[in-house]
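# Quick one, what's the 3D model for this:
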Amino acid sequence: MQDKLLILNFDDRYAGSVAIKLRAERIACQVLPGDTPYHEVMAQEARGLVLAGGVKGELPGMLDGRLLSSGLPVLALGDAAAAMALLLGGRLAEHRSLREVVSVVFSPSPVTQGLSQSERYLDSLPALELSSELVPIAHALDKVIGFSHTALPLYGFCFQPESNDPDGVSILLQFAKAVCSCTMWYSESSFINAARSAIESSAGGGRALCELDGTPESGVTAALAQRALGERLSCFLIDNCLLRENEREDILYYYRDTLGIDVRVIDAQDRYCKALAGLLSPADKKKAVAAQRVKVLEEAYGTIPFDVLVLSTTAGLLPGSRARELPGPAEDRPAIEPLKELYAAEIRYVGENLNLPAEIYSAQPFPETGLALRVEGEATRRRLAILRKADGILRDEIREAGLAKRQYKYFATLVPSWGSPEELTVVLRAVTLATARGELRPVPARLPYDLMESCTSRILQALPEVRRVVNDITPGFGLVE
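Have a look, this model is predicted:
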């Protein structure tokens, strides 16, 4: 039996949150889709299951009841707990919206040791009527929201652990350690060793190919592959006219000149600009960039020798995380995704353990569309150059002020000035992440006025085409991914 937990994903956000919390406590875990067939779940030989549901009162209908009688310990969270109670003979009298902070009172059980009362935000409040096989272990507003089985190691709580939630983490840890007998062996170092071994095994004695695009995931992936394969790794960079200021030069300096990796630049600026010509809507531009990327990759796969692809896909989770369309490799040249099990928030810790520069693993999230969607209207080569310069100035000012680590994302966008389409306005945007109702959400950052004044002055001086510079503090991401 493998010393790990399986997390069945009935809600992307909460499955990721549970995985991150468990790994932070050195408990190994793996996320699987909620509809993973029973025999595939059991084939993993894990020590227990966590069923990660949402919190909106939408019960997952794909929960396989056979998992509850498999002998594996099961912890159901959120709406998955209500679904488990129904499969075990209980009833759901009602499920009403709540959206309040309430007191949750815990009763003794193997997963609630040391817990008595907790203040929690609840989106909804179920009214569970338990069967004779179930006993209540958590109440809120005189309603049962937590239970355990009288004979089997089955537990359910109709809430999810929140972002800063010692009690929620305590429940997860007691389930993992006391109920499932998991040991605290997982670490970034153990992940790195396993990833290197997997890359070496997949490559055999051959070569590997990896893309660099300036994102943390691509940088960490390339570093893992380089540690595993050394000179047998080749990387490529698509210079597509959508990169940020000095990005091509920075990538080549670190990976080619410092690490000694074979990095090949694919000059596709003309092709991308031609594909974007005349396109005005974000949807059309996004589609054109994705299609052009696939064509360029297919050509790269045919001209750069390799035996295995090393892809930089991750599990996502944070706002702005992306899923890229990729051309499938040939059957005799398989692909490996060493970061596939990690979430964006975990990549930084792996990068730190690889001793990479902070500029690599803490790089800003950057969409596949690059600067294309950050230009309102047609993304011409001229407009992209103007935006690239303005964005570079903002990034310089924030870094020089020592505020880069406090921001989740900061960037510039380019829009026509009000009443004069030929005149351009640069819109500055900086956001940080805050916890609201147990969820990470982007909120406008409060940048110092002196910084904004200096940034505006530099942009107007360097870019005579720009007539106005404004600071956008509208909640949400606005015009860009």
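# quick one, what contacts the residue nearest to Phe191 when sequence neighbours are not counted?
Counting by C-beta to C-beta, 6 or more residues apart in numbering, Phe191 lies nearest to Val350, which is 6.3 Å off, once chain neighbours are set aside. For the C-beta atoms, the positions are set from N, CA and C on the backbone; glycine is no exception. By C-beta atoms under 8 Å, 6 or more residues apart in numbering, the contact list for Val350 reads 188, 191-192, 220, 224, 339, 342, 361.
# give me the low-pLDDT residue ranges for this structure?
Counting by pLDDT under 70, the chain shows low-confidence ranges at 316-333, 419-421, 435-440, 476-481.
# which ones are touching the closest residue to Thr313 other than its chain neighbours?
Nearest residue to Thr313 in three dimensions, chain neighbours excluded: Glu337, at 5.0 Å (C-beta to C-beta, 6+ apart). Shown in contact with Glu337 (C-beta under 8 Å, 6+ apart): 310-313.
# right, and the helix or strand after the helix or strand containing Ala194?
Using DSSP states H and E, Ala194 falls within helix 188-203. Helices and strands here follow DSSP H and E; after helix 188-203, the next one along the chain is strand 208-212.
# How about Leu233: which residues does it bridge to?
With DSSP bridges applied, the residues forming beta bridges to Leu233 are Ala208.
# got the residue ranges for the helices in this protein?
For the chain, the helices defined by DSSP state H cover 12-24, 38-43, 79-87, 166-174, 188-203, 216-229, 247-251, 269-276, 282-303, 344-353, 358-361, 381-400, 449-462.
# if we look at the fourth one, which residues are touching it?
Contacts of helix 166-174 from elsewhere in the structure, counted by C-beta under 8 Å, 6+ apart, are 18, 21-22, 25, 27, 50, 75, 110-115, 118, 120, 157, 159-162.
# ok, of those, which come out buried?
Those of the contacts of helix 166-174 that meet the buried threshold are 18, 21-22, 25, 27, 50, 75, 111-112, 115, 118, 120, 157, 159-162, by 16 or more other C-beta atoms under 10 Å.
# Could you pull up the residues touching Gly302?
With contacts taken as C-beta under 8 Å, 6+ apart, Gly302 has no neighbouring residues.
# and the gap between it and Asp270?
Between Gly302 and Asp270 the computed distance is 20 Å (C-beta to C-beta, to the nearest Å).
# Equivalent analysis for Leu276, please.
From Leu276 to Asp270 the distance is 11 Å (C-beta to C-beta).
# what about those two, which has more around it?
Leu276 (24 against 11; other C-beta atoms under 10 Å).
# So for that one, what's the nearest residue that isn't a sequence neighbour?
Leaving aside its sequence neighbours, Leu276 sits nearest to Ala379 (C-beta to C-beta, 6+ apart; 4.9 Å).
# wait, the one you found sits on Leu371?
Yes: judged on C-beta atoms under 8 Å, Ala379 makes contact with Leu371 at a distance of 7.2 Å.
# So for the two, which residues contact both of them?
Counting by C-beta under 8 Å, 6+ apart, the shared contacts of Ala379 and Leu371 are Leu242.
# ok, now which ones touch Asp257?
With contact set as C-beta under 8 Å, 6+ apart, Asp257 has no partners.
# Asn246 versus that one, what's the distance?
From Asp257 to Asn246 the distance is 14 Å (C-beta to C-beta).
# Next: Gly16.
For Gly16 relative to Asn246 (C-beta to C-beta), the value is 32 Å.
# what does Asp284 give?
From Asp284 to Asn246 the distance is 29 Å (C-beta to C-beta).
# May I see the buried residues of stretch 339-359?
By neighbour count on 16+ other C-beta under 10 Å, the buried set for stretch 339-359 is 339, 341-351, 353-354, 356.
# just stretch 267-275 next, same as before
Neighbour-count burial for stretch 267-275 flags 268-269, 271-273, 275 (criterion: 16+ other C-beta under 10 Å).
# Just the CA atoms of that stretch, as PDB, please.
What follows is stretch 267-275 as a C-alpha-only set of coordinates in PDB (Å, rounded to 0.1, in the frame of the first residue of the first chain):
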ATOM      1  CA  ASP A 267      11.500  33.600 -34.800                       C
ATOM      2  CA  ALA A 268       7.800  33.600 -35.400                       C
ATOM      3  CA  GLN A 269       7.100  37.400 -35.000                       C
ATOM      4  CA  ASP A 270       5.900  37.900 -38.500                       C
ATOM      5  CA  ARG A 271       3.600  34.900 -38.400                       C
ATOM      6  CA  TYR A 272       1.900  35.900 -35.200                       C
ATOM      7  CA  CYS A 273       1.500  39.500 -36.300                       C
ATOM      8  CA  LYS A 274       0.000  38.400 -39.600                       C
ATOM      9  CA  ALA A 275      -2.400  36.000 -37.800                       C
END
